[in-house]
Structure formats: C-alpha cells, structure tokens
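Trainee: Got a predicted structure here, sequence first:
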Amino acid sequence: MEISVPSILLGLGGKSLLNWTLVLLQKKHMFWSFLGVFSCSLALVDSLLTLSLSVLHLQGDLCVLGVRLTRHHVCLLVQIFSYTYDALNWPVLTVSALDHFWILLPGPTSASRGLKLCYITATCLLWTLVLLYVFLVSGFRPVFGNEPHHLLHKCWVLSSTQMPQVAMVLFLTIVCAVLHMLTGLPLSKNRASKETKTDAKSKNATIGQCLWIFLSTWVCFIVLLAVILMLPDGIPAYLELNVAWLCFTRSFIIGVFVWWSAPQLEECSAFSDYFCDWRLSFLTDQENP
C-alpha cells in the first residue's frame, strides 16, 4: 500500500506513545518474562525509528558520517522495519509461550538476574536473526517511485501478513473454548475417557472462569482487532507489532497455562499480567473451606 510520509510519522509517533505508556504502567511486570523485555526493546526501536525518520523527512538531504541521506531513505527504513516487524510475530509468540510455560510451571516468581540477562540476550539475538532473515532470505526488495527525493511525499509499505494469521489462531482457540464450555463436549476423546464426571465439570468451570477473566478485560481490543482484520487493505506492517498486541498475547498465553495446570494447582492461582488477575474461585474455596 502507498502511504504519505506525514501519515507514517504520525502513526509511528502514536505507536511509540502507546508503547511507552504501557511499558511504564507495567514497569513492575516487565522484566520477569521474555515478552516484557522484548516489549521494552520494541518501544525503544520504535522511538529511535520515529526520531530518525522525522529528522530525515524534515531535513530532506543531509550527510551523516560521509553517507548522504535523503527522503528515499525514509521509505527504505520504513520498508525494512515493516518486513522485520511482520517476520517477528510468530517467533516472538513461540518464544514467549515457551518462556511462560517454563517460568509459570513452579508458580509465579520474580526473575533472577541471570534469567533477566538471558531475556536480554534472547531479545538481541531474535532481532539480529530476523534482520538477517529479511536481508538474506526473505527476498526483500525496496520499492521506490520515480520522483526525485525532494518531491517524495509517499512511500510503498508492506501490509501485515503474519499478525492476521496469529489473530485467527487465537480467535479460533477462543471460539473452540466457548463451544466446549457451552456444549460440554470433551476437547479430546482419549482424555475424556479417563476423566470422571467431577473432573469434567471442574475443567468446564475452569474454562468458563478463564474465558470470563480474559474476555472481560480484552473484549474491546478483540472487537477492534476484528474490525481491523476485516479492512480490505489490512494495516501497515510497521504498526502491527506493538506493546498492546504483545500484552494481549501474554494474557492469552497465561490464560491457557492457568486452564491447563489448574487441576494440578494446590493453592490459589494468583498470576497477574497487570491487565488480568487470574484468581480462580474454586481454588480459593479449596484454600478456605
């Protein structure tokens, strides 16, 4: 899609403001998971990108360390980071899911200094690998118009491709969970044959509570996301990866873990991701008979 440069700068500026607002609101929760550390890095990258593009657009033609930079480089940087953000969706979701299941398995705890260092290293490594993928594997080719740089006011940018895929997987999972709760159908025949009626009711109640906690918090975001996904041209790829989206996926991952591990939990589940408080009432009742 072709977008004007001022619109690109306005979109990136608004995205950066949203990113830092959410990071500061969740500062107590940001460094105990990979997704929190990656969110901080994303906010920093977006801010630097917005600042660099703004300077290039306003100056029009400048020289930095002997390299001449023009408004064509505005479009080049936007296209590079559009491909990068688009390629990051599935890797970030996969690493985040593995990380959450690993750190939440013994219960919610604060990350040690060594673990935080691992998160920072993993974040830097992921950015590096995805950038290498964009330049060496993806077949990335910059697209420019025929205008001279001083008349350049629009850029061709990539439309989001991976975020709709991730969103559809999450939506289908939520729909399946709702249908399972309403109909009482087992998610797996093999598992259902081994479960007693009491266990089945307990699992059904757990799904209902997890859905209520998740949907009551994120229903407006889900509706907005559904509307965006129905747009004929989608959304620009440089806007798709943001801290709000990462917070949404983190709540989803924690909800799946709480549902999956609830039968083995012996005490009240008090996982928190700032937005959702995963307290299951039947576990609380077990603690306080």
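Mentor: Yep, it's here. Numbers count the residues shown, from 1 in each chain.
Trainee: what's the strand or helix carrying residue 182 packed up against?
Mentor: Assigned by DSSP states H and E, residue 182 belongs to helix 162-183. On a contact count with 3 or more Cβ pairs under 8 Å, 6 or more residues apart in numbering; DSSP states H and E, helix 162-183 meets helix 72-104, helix 197-229, helix 243-261. The C-beta positions use only the backbone N, C-alpha and C, and glycine is treated the same way.
Trainee: out of those helices, which comes closest to residue 144?
Mentor: Residue 144 lies closest, by Cβ to Cβ, to one member of those: helix 72-104, at 6.0 Å.
Trainee: How many residues are close by residue 113?
Mentor: Using other Cβ atoms under 10 Å, residue 113 has 8 other residues around it.
Trainee: scratch that, residue 29
Mentor: So residue 29, with other Cβ under 10 Å, has 18 neighbours.
Trainee: just use 538 as the starting number from now, easier for me
Mentor: Happy to do that; since the first residue is 538 now, the last one works out to residue 566.
Trainee: list the contacts for the nearest residue to it once chain neighbours are set aside?
Mentor: Residue nearest to residue 566 in three dimensions, not counting chain neighbours: residue 811, with 5.0 Å by Cβ to Cβ, 6 or more residues apart in numbering. Under the criterion of Cβ atoms under 8 Å, 6 or more residues apart in numbering, the neighbours of residue 811 are 562, 563, 565, 566, 784.
Trainee: Centre-most residue in this structure?
Mentor: residue 783 (2.5 Å; Cα atoms, centre = their mean).
Trainee: Go ahead and confirm that one touches residue 574.
Mentor: No: applying Cβ atoms under 8 Å as the test, residue 783 and residue 574 come out as separate, 10.9 Å apart.
Trainee: Wait, a helix at the residue nearest to residue 566?
Mentor: No: applying DSSP: H, G, I helix; E, B strand; the rest coil, one finds residue 811 to be coil, outside a helix.
Trainee: so the helix or strand harbouring residue 556 versus helix 780-798, what angle?
Mentor: Per DSSP H and E: residue 556 is located in helix 542-562. Per axes from the mean of the first three to the mean of the last three Cα atoms, to 10 degrees, the angle that helix 542-562 makes with helix 780-798 is 40 degrees.
Trainee: Which positions within helix 542-562 qualify as buried?
Mentor: For helix 542-562, a neighbour-count test (16 or more other Cβ atoms under 10 Å) marks 542, 545, 546, 548, 549, 550, 552, 553, 556, 557, 559, 560 as buried.
Trainee: Could you tell me how many residues sit around residue 665?
Mentor: 10.
Trainee: didn't residue 697 look like it was pressed against residue 775?
Mentor: No: Residue 697 is beyond contact range of residue 775, at 9.1 Å (criterion: Cβ under 8 Å).
Trainee: Between these two, which is the more surrounded one?
Mentor: Counted by other Cβ under 10 Å, residue 697 and residue 775 do not tie: residue 775 has more neighbours, with 28 against 24.
Trainee: what sits against that one?
Mentor: Going by Cβ under 8 Å, 6+ apart, the list of residues near residue 775 reads 545, 548, 549, 615, 618, 619, 622, 694.
Trainee: Can you give me the neighbour number for the closest residue to residue 773 other than its chain neighbours?
Mentor: Using Cβ to Cβ, 6+ apart and skipping residues adjacent in sequence, the residue nearest residue 773 is residue 694, 5.0 Å away. Using other Cβ under 10 Å, residue 694 is surrounded by 20 other residues.
Trainee: got a list of what residue 694 touches?
Mentor: 538, 539, 540, 545, 615, 616, 619, 773, 774, 775.
Trainee: 6 Å instead, please
Mentor: Counting by Cβ atoms under 6 Å, 6 or more residues apart in numbering, residue 694 touches 540, 615, 619, 773.
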